[in-house]
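Novice: Provided below for reference: sequence and predicted model.
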Amino acid sequence: MTRGSDVLAMLRPDGGWIIRDNDFDQIQWVNCEPLTKAEFEAGFAKYDAFIAKQEADALAAKEAAQAKLAALGLTTDDLKALGL
């Protein structure tokens, strides 16, 4: 289940907020622009897609790196053997 802190980390990734009990009314805005309650609540619906995109981007980056290694005639095991 998505928590309020997850949504805030997605919408305000640089921090500047403190949340208690997943409650919008319990958010303390320390050093960032506050969200509206509507933005906060809409973030819950967007969170799963946000995480899916991050995972897809990470997988694509890994596959691109492996393709570059293969083009050089290397494998991830070769890098591990070198301590990289």
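Specialist: Now that the structure is in, tell me what you want to look at.

Novice: what helix or strand is residue 33 on?
Specialist: Residue 33 is part of no helix or strand when elements are defined by DSSP states H and E.

Novice: so what's it up against?
Specialist: residue 12 (CB atoms under 8 Å, 6 or more residues apart in numbering). Heads up, the C-betas are built off the backbone N, CA and C, glycines and all.

Novice: can you pull out the strands in the protein?
Specialist: Assigned by DSSP state E, the strands in the chain fall at 17-18, 28-29.

Novice: which residues are contacting the last one?
Specialist: Spelled out, that is strand 28-29. 16-19.

Novice: filter these to the buried ones?
Specialist: 17, 19 (16 or more other CB atoms under 10 Å).

Novice: ok, back up a step: out of the strands of the chain, the one nearest residue 81 is which?
Specialist: If you check each of those against residue 81 by CB to CB, strand 17-18 wins as the nearest, at 44.7 Å.

Novice: now do that closest one: distance to the chain's middle.
Specialist: Relative to its chain's centre, strand 17-18 lies at 17 Å (CA atoms, centre = their mean, to the nearest Å).

Novice: and the strands of the chain as CSV, adding mean pLDDT and distance to residue 37?
Specialist: Putting those into CSV (pLDDT from 0 to 100; distance: least, CB to CB, whole Å) gives the following:
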stretch, mean pLDDT, distance to residue 37
strand 17-18, 96, 14
strand 28-29, 96, 13
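
Novice: can you redo those as CSV with distance to residue 43?
Specialist: Below are these laid out as CSV (distance: least, CB to CB, whole Å):
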stretch, distance to residue 43
strand 17-18, 12
strand 28-29, 15
